[in-house]
Structure formats: structure tokens, C-alpha cells
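Asker: okay, sequence plus prediction incoming.
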Amino acid sequence: EDQVTQSPEALRLQEGESSSLNCSYTVSGLRGLFWYRQDPGKGPEFLFTLYSAGEEKEKERLKATLTKKESFLHITAPKPEDSATYLCAVQPPSNTGKLIFGQGTTLQVKP
Amino acid sequence: DVKVTQSSRYLVKRTGEKVFLECVQDMDHENMFWYRQDPGLGLRLIYFSYDVKMKEKGDIPEGYSVSREKKERFSLILESASTNQTSMYLCASMSSNQPQHFGDGTRLSIL
């Protein structure tokens, strides 16, 4: 069964303390892996798409990487405004655009 | 920028009522999706549509139906609302090989 697992469920960091969020997946024939950011009371906001092992994408303090079994979202020197829930989703081989979401990691960055 | 608009941010209805949730996108996307999001369960797909008048069941379609009469509009219908349908409902749209873009959600309470 296709599955996405994110860890940890919650993460508290001090401002400037770098860390990584993990997304492990079991899906045959990955079409794409997506990272989203979700603020309280809002819909998920798209961050990155990764398609193949070894690929990396960066945006400000965030960097996403992909291996054959997992993806990492690295947060370098986070600021309080990086506090949010980060969602990982994978797209299986079907052509429908359906995504399978992990349960998310809630990040809190304290000043 | 892609804009996905959900008609209500907050909605309160009574058990047994027929409830309509509306979603409109402005980017001529073929695919549209309805999810519900619950604490500890993540995003779960209810229904999706890949073209006008076309629909497919997602993972949790029971108690819901959908309508897509125009390309830009995708409606979620709760035929007879029940308290276990209290949730955050998220609509998303996408074009082929592009990420899904989400609306800001409708927080629905069934009393």
C-alpha cells in the first residue's frame, strides 16, 4: 500500500538552530514528491516539487532533497516566521494527479 | 498566481441538512480535488474531477457527492450532514504535471 510518513510530528527550535524534517514513502514508480507549508487556518502553500533521487531544490532558508525512499526538508537558521506545519505528499504513477499526504510536521521556532 | 477560492471560511449547519461547499479556480485547470483535514489524520481525498462532468471517488467518499458543471467550479455536497462531518474542507486544483494549489479552506461545524 502506498504510504507517506513524516517525522517528527512536532519540532521546537530556537531561532537560528538548523534542523531537518523527514518524509519517508513507499510507492512504486514515484511521479513526484511535493512539499507544502500550511499556516493555521489556511490552505497548504506549495513549496517544492522533486522528481528524481539526488534532486535538490532551495528557497530562502529551506532546502529539499530526495532519495529513493525519503525526502528531507532542511531548515537553515530558522526564524519565527518559519513556524508552520510542513506537509509532504507523493504522486503515484497514475495520471490522475492524486496525491498521498503525510500527516505533517508542526514546526515552532522560538525567538 | 493561481487563485482557488472557497465560498465560505466558516460554516455552521445542523444535522440532516443538505450542505453545499463551493470552489472556484481561475487558471483553467483540468483537475480539481476535495479533501478533508482532521487532526491526526492529515488530508484525506474525498472526490476529484479531471474534466467537466467527470468525477472519481477518493478515499473517503461516503456521505458526499460532487458536481462539476463548469470547468472552473467544483462543488462538494453533503447529502445529509452528520456530526462526524465536522471538519476543515480543502479544495485544490491543478493542471497536468503541475503541483496542486489549494484554497484557504472551509471550517464546517455540524451541530
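Answerer: Good, I have the coordinates. Numbers count the residues shown, from 1 in each chain, chains lettered A, B, ... in the order given.
Asker: distance of the residue of chain A found nearest chain B relative to residue A:28?
Answerer: With Cβ to the nearest Cβ as the measure, residue A:43 is the residue of chain A nearest to chain B, at 3.5 Å. All C-beta spots, glycine's among them, are computed from the backbone N, C-alpha and C. Separation of residue A:43 from residue A:28 (Cβ to Cβ, to the nearest Å): 29 Å.
Asker: might you report the residue contacts of residue 35?
Answerer: Going with chain A. A:23, A:47, A:48, A:50, A:64, A:71, A:73, A:86, A:87, A:88, A:89 (Cβ atoms under 8 Å, 6 or more residues apart in numbering or on different chains).
Asker: please go with chain B instead
Answerer: B:43, B:44, B:45, B:46, B:58, B:89, B:90, B:91, B:92.
Asker: give the buried residues for the one helix or strand it maps to.
Answerer: In this structure, residue B:35 sits in strand B:31-38 according to DSSP states H and E. Across strand B:31-38, burial judged by 16 or more other Cβ atoms under 10 Å in any protein chain shown covers B:31, B:32, B:33, B:34, B:35, B:36, B:37.
Asker: wait, does the lengthiest strand in chain B contact chain A?
Answerer: For chain B, the strand with the greatest residue count under DSSP state E is strand B:42-51. Yes - using Cβ under 8 Å from any Cβ of the partner chain, strand B:42-51 reaches chain A at B:42, B:43, B:45, B:48, B:50.
Asker: now the most centrally placed residue in chain B: how far from chain A?
Answerer: Chain B has residue B:34 as the residue nearest its centroid, 3.1 Å off, counting by Cα atoms, centre = their mean. Counting by Cβ to the nearest Cβ, to the nearest Å, the gap from residue B:34 to chain A is 12 Å.
Asker: bridged to that residue, which residues?
Answerer: Beta-bridge pairing of residue B:34 under DSSP bridges involves residue B:47, residue B:91.
Asker: OK, contacts around it?
Answerer: So residue B:34 contacts B:21, B:23, B:45-48, B:58, B:64, B:66, B:74, B:76, B:89-91 (Cβ under 8 Å, 6+ apart).
Asker: what about residue A:17, neighbour count?
Answerer: 13 (other Cβ atoms under 10 Å in any protein chain shown).
Asker: pull the residues that contact stretch B:66-76.
Answerer: B:20-26, B:28-30, B:32-34, B:46-47, B:49, B:51-55, B:64-65, B:77, B:89, B:91, B:93.
Asker: since that was my last question, I'll sign off now.
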